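Undergrad: what would the 3D arrangement of this be:
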Amino acid sequence: MDLPIRCDHMNRPQLTAVCVFCGSRDGINPNFVNASIALGQECAQRDIRVVYGGAGVGMMGAVAKAALDEGGAVTGIVPKFLTEMEPQLDGLTDVRLTETMHERKILMYKMSDAFVIMPGGIGTLDETMEILTWRQLQVHDKPVIIANLEGYWDPFLDLMEHVIGEGYAGENVRDLYRTVSTVEEILPAISEDLAALPTPSKIKP
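TA: Numbers count the residues shown, from 1 in each chain. Purely as a prediction, here's the structure:
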């Protein structure tokens, strides 16, 4: 499958679909699961589709179930091999099966207007680094919001500062993402970032 095409914003994009990267486990902090539920509910209430990895467990399952319970639309994107390894969520409004993990991420990118990084594990880190790298390379210019709930992502943000400090990245790496500390800030932050996107003439072809 081809790499994602660079987005051009002929018109200011509307927030219609948000991709949520988060853990397939609950973790030890129940506040994070509650935050996932709140995010799913708010997306549904605002008629914003949730795009996620399709699992029926952990924070992934929590955000999807909450959106569905509120009457929202949810797209689960799942590599075929994972359907035998990870419980999938029944009742999704849309299910897309892919052959590989990379194809999954490409489809997530294509179907979403923005990306939200909730607490998670290695898989969430993988997705985060790839979507940030794509933005750095101008493959896309879609908002990336890191939900640093209760300081969960502090070590990651410190690592980014270390990379910048050691000269392996420029200070503009900080512009690839926005950090918020509460669920309530996520969707307003996305809307602000979408409104601030450059005109097509300022985006490299």
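Undergrad: tell me, what residue is most central in the chain?
TA: F115 (3.0 Å; Cα atoms, centre = their mean).
Undergrad: how close does the nearest residue to F21 once chain neighbours are set aside sit to Q88?
TA: The spatial neighbour of F21 that comes closest, neighbours along the chain excluded (Cβ to Cβ, 6 or more residues apart in numbering), is E127 at 4.4 Å. (C-beta placed from N, C-alpha, C; glycine too.) Here E127 is placed at a distance of 18 Å from Q88 (Cβ to Cβ, to the nearest Å).
Undergrad: the strands in the protein, which residues?
TA: 17-21, 49-52, 74-79, 94-98, 114-117, 144-147, 178-180 (DSSP state E).
Undergrad: and the last one, what does it pack against?
TA: Where contact means 3 or more Cβ pairs under 8 Å, 6 or more residues apart in numbering; DSSP states H and E, strand 178-180 is packed against strand 144-147, helix 186-195.
Undergrad: who's in contact with that strand?
TA: Strand 178-180 has contacts (Cβ atoms under 8 Å, 6 or more residues apart in numbering) with 143-148, 153, 157, 186, 189, 193.
Undergrad: format those residues as TSV; extra columns: distance to N172, pLDDT and neighbour count.
TA: What follows is the contacts of strand 178-180, written out as TSV (distance: Cβ to Cβ, whole Å; pLDDT from 0 to 100; neighbours: other Cβ atoms under 10 Å):
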residue	distance to N172	pLDDT	neighbour count
P143	16	96	25
V144	14	97	22
I145	18	98	23
I146	16	98	25
A147	22	98	25
N148	20	98	18
W153	19	98	24
L157	16	98	15
I186	23	97	25
A189	19	96	19
D193	15	93	18
